[in-house]
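[1] Quick one: sequence and predicted model below, then my questions.
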Amino acid sequence: MGKIAGNPYPGWRAFQQEDHDHFYGRGADTAAVVDLWTANRLTVVSGPVASGKTSLLHAGVYPAIRGNWPGLLPSGLVSRGMAFPFAAFPEHNPYAYALLSTWSPHEVPSRLAGLTVTDFLRQLTLRHDRIIFAAIDQAEDIAVDAPSGQRRAWRAQFLDDLTAACQEIPQLHLLLVARAEALDVISASIGLGARYTLRPLSVPEALEAVTVPAVTAGRTFAAGTAEQLIDDLRTSRFSTVQGERSVQADRVEPALLQAVCHQLWRRLPHDLAEITDWEVRQLADSDAALAGYCGAVITDVAAEHDIKAQRLHSWLSNTFTTDSGTRGTAYEGLTTTADMPNAVARALVDQHLLSSEHRSSARWYQLLSDRLIEPLRHASLKRIVPPTANDHLGAARRQLALGEVDAARKHAERALQCQPSLRMQAEAESLLANIAYEQGKPMKALPHYQEATSLLQAAGDTGAAVSCMAAVGQVLLTLGRFREAVAEFRVAVGIAPNTPPLQTQFALALWQVGEGEGAVAILNDVLGADAGNREALRARGEILADLGDARRAVLDLERHSVRDRASTQAAHGLALARLGDYSGATKEIHAAMETAPRHGRVLLYAARASALSGDTVSTLERASRALDATNPPLSPSHREVAMKLTRDK
């Protein structure tokens, strides 16, 4: 496993994504995308599966723009960072964290967690007054149907954040690279922007992609030989009950050209200067190369999803080829596609064996190309070595990114059975903790986060260990173990004292145990270094409202739209009530209670606001509900306040 998911045929440099100096056949596409990106604030490049979008971005567009525009961020992804502890910071959004960690790969991870895309880009504009060129590759991952409520919330929040960044950061020029099937979701959320559609290689482009790298390597193709290779690759031959027939396409799939060229490149004698038709016939057998390609993908996906390769091969042949020699189709149901789990079909799309498209509100699958029909039937299912711990971890990360938590858990557990290194063990434990946390099982998440912390400390990775400590602290708060949480945060802050998100969470934990003044002092330090830190402003504003310092609370809570959380909105209502603005307080309190009707602090602030206005009936009712609240429950110090309200009334 893992071989196909990256670059299965790295020997053929024309298509090696990491080799930015050798990219051919896409000159016109590169120039067009560069022009659109530099001229527009939002550009969307789309195309079918395996049309070369990622190669165009990394090996075409980036080298072309890098020397002329200094404000170029590294290419971003939204499906990385699944091992970073989800629980570490309440505002942690895995999509945003993944994107920011690829845009800023050298930043301390805990400084990015909890940061919005908009805030990250706004900080860049404060340092550099220039255009920011930011790209998101494989943006279709944003559009993957979210199977859980938490993941749907994360996705919606991320899309709103990305939309806000496009609207609020005028220096931002955003480039999204995505499969065509994701365009509806992207357009509905972020906007249309400038569009560019990438198609498979034309015949002249395919010829350039084959011949120019050979010249670079000191070889040439004899006259007509490269054309012979391309013609063979774009000619599909079918065996039917009526006999043989063939069809020639006008374009070439880059993934298939890569497979055939890899076979030729690998087999050529090192001292051969001219490639003739004999070498192409003998060493670049397209059918054999594509059969090997199909077999490699099948065994890879079968191993990742714990099914027999023979079964997967039979399913593909029976579902996606017909007796008449054409491609079959299958639609994606709620959980399965033609009785195979949807995750398997989607993996085969990612591995460029299947393609997919949305038709009539359903996702339909078929083989990537007619040229694969016969090779699929003769795919060679070579026996593979057992997956390694690294293979299982890669599969776990990918499955968790797609929301397939059961498959992710299975691979993380199997990684632990492969005698991995300390760091790999820690990653597996963190993945297992994230799965439990996302499923709302903090008691199951806690021991995994604790074990990950110990392993990372043993491995000497204190930075990652601190993030896991923060996750342990947050889970302990969720479980009502407040003193233990404070102790955990205290140790973490001692290790990483200048980490604003960590300092903020430590302050909030102190407040939960009744040390509000100490919490405010910590937040004053955070805001002294960064006056616009929204998370710190939210925290300080809410704590000041709770402590009765209404005027200072309002100053914090009315800045930078920090009242986008129910508890801070309710705290603002309490502060307004203390200042005598009962109308404004009622509006804020009612909105917060509607958003979070079982939130302990929201209900407590509502009860206290009612008490200030003299509404004894509402005070008693809201305070009683606050005492019974579970999402989240009140801390011990806040329970005392609520109980006093019920006794006084």
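    Nice, I can see it.
[2] In the stretch 51-200 of the chain, where is pLDDT below threshold?
    Low-confidence segments of the stretch 51-200 of the chain (pLDDT under 70): 145-149.
[3] and what of the stretch 351-500 of the chain?
    Looking at the stretch 351-500 of the chain by pLDDT under 70, you get 383-384.
[4] just the strands in it please.
    354-359, 362-367 (DSSP state E, counting those that start in this stretch).
[5] May I see those arranged in TSV, with mean neighbour count as well?
    All C-beta spots, glycine's among them, are computed from the backbone N, C-alpha and C. Output for the strands of the stretch 351-500 of the chain, formatted as TSV (neighbours: other Cβ atoms under 10 Å):
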stretch	mean neighbour count
strand 354-359	19
strand 362-367	18
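[6] okay if I get those as CSV plus distance to Met443?
    Listed next are the strands of the stretch 351-500 of the chain as CSV, based on distance: least, Cβ to Cβ, whole Å:
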stretch, distance to Met443
strand 354-359, 39
strand 362-367, 36
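[7] Glu181: neighbour count?
    Neighbour count of Glu181, defined by other Cβ atoms under 10 Å: 20.
[8] Double-check that it belongs to a strand.
    No - checked against DSSP: H, G, I helix; E, B strand; the rest coil, Glu181 lies outside a strand; its state is helix.
[9] Quick one: closest of the strands of the stretch 351-500 of the chain to Ala194.
    Closest approach to Ala194 among those is made by strand 354-359 (22.3 Å; Cβ to Cβ).
[10] dump the residue contacts of Leu72.
    Leu72 makes contact with Tyr62, Ile65, Arg66, Phe133, according to Cβ atoms under 8 Å, 6 or more residues apart in numbering.
[11] Filter those residues down to the buried ones.
    Tyr62, Ile65, Phe133 (16 or more other Cβ atoms under 10 Å).
[12] Quick check: which element contains the nearest residue to the second one once chain neighbours are set aside?
    What it means is Ile65. Excluding the flanking residues, the one nearest Ile65 by Cβ to Cβ, 6 or more residues apart in numbering is Val34, at 5.5 Å. Element membership for Val34, per DSSP states H and E: helix 27-39.
[13] Okay, buried residues for that helix please.
    Neighbour counts over helix 27-39 (16+ other Cβ under 10 Å) mark Asp29, Thr30, Val33, Val34, Leu36, Trp37 as buried.
[14] tell me the average confidence for it?
    Helix 27-39 shows a mean pLDDT of 92 in the predicted model.
[15] Of the buried residues of helix 27-39, which pair is most distant in space?
    Most distant of the buried residues of helix 27-39, by Cβ to Cβ, are Asp29 and Trp37, 12.3 Å apart.
[16] For the stretch 151-300 of the chain, which segments count as helices?
    183-189, 203-216, 225-233, 254-267, 277-283, 286-304 (DSSP state H, counting those that start in this stretch).
[17] In TSV: these, plus distance to Gln439 and mean neighbour count.
    TSV is the format used below for the helices of the stretch 151-300 of the chain (distance: least, Cβ to Cβ, whole Å; neighbours: other Cβ atoms under 10 Å):
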stretch	distance to Gln439	mean neighbour count
helix 183-189	25	16
helix 203-216	46	19
helix 225-233	46	20
helix 254-267	36	23
helix 277-283	52	15
helix 286-304	22	23
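[18] Can I get these in JSON lines including distance to Gly516?
    Listed next are these as JSON lines, based on distance: least, Cβ to Cβ, whole Å:
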{"stretch": "helix 183-189", "distance to Gly516": "39"}
{"stretch": "helix 203-216", "distance to Gly516": "65"}
{"stretch": "helix 225-233", "distance to Gly516": "70"}
{"stretch": "helix 254-267", "distance to Gly516": "59"}
{"stretch": "helix 277-283", "distance to Gly516": "75"}
{"stretch": "helix 286-304", "distance to Gly516": "50"}
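[19] What is the neighbour count of Gln310?
    As a burial measure, Gln310 scores 12 neighbours (other Cβ under 10 Å).
[20] nope, Arg490 is what I was after
    Around Arg490 there are 14 residues (other Cβ under 10 Å).
[21] For it, give its distance to Ala470.
    As judged by Cβ to Cβ, to the nearest Å, Arg490 and Ala470 stand 12 Å apart.
[22] Next: Asp525.
    18 Å.
[23] Same question for Asp556.
    23 Å.
[24] So for the two, which residue has more residues nearby?
    For Asp556 versus Ala470, neighbours defined as other Cβ under 10 Å are more numerous around Ala470 (30 against 27).
[25] Tell me how far the closest residue to the more buried one other than its chain neighbours lies from Arg80.
    The shortest distance from Ala470 to any non-neighbouring residue, by Cβ to Cβ, 6+ apart, is to Ala88 (4.1 Å). Computed as Cβ to Cβ, the Ala88 to Arg80 distance reads 16 Å.
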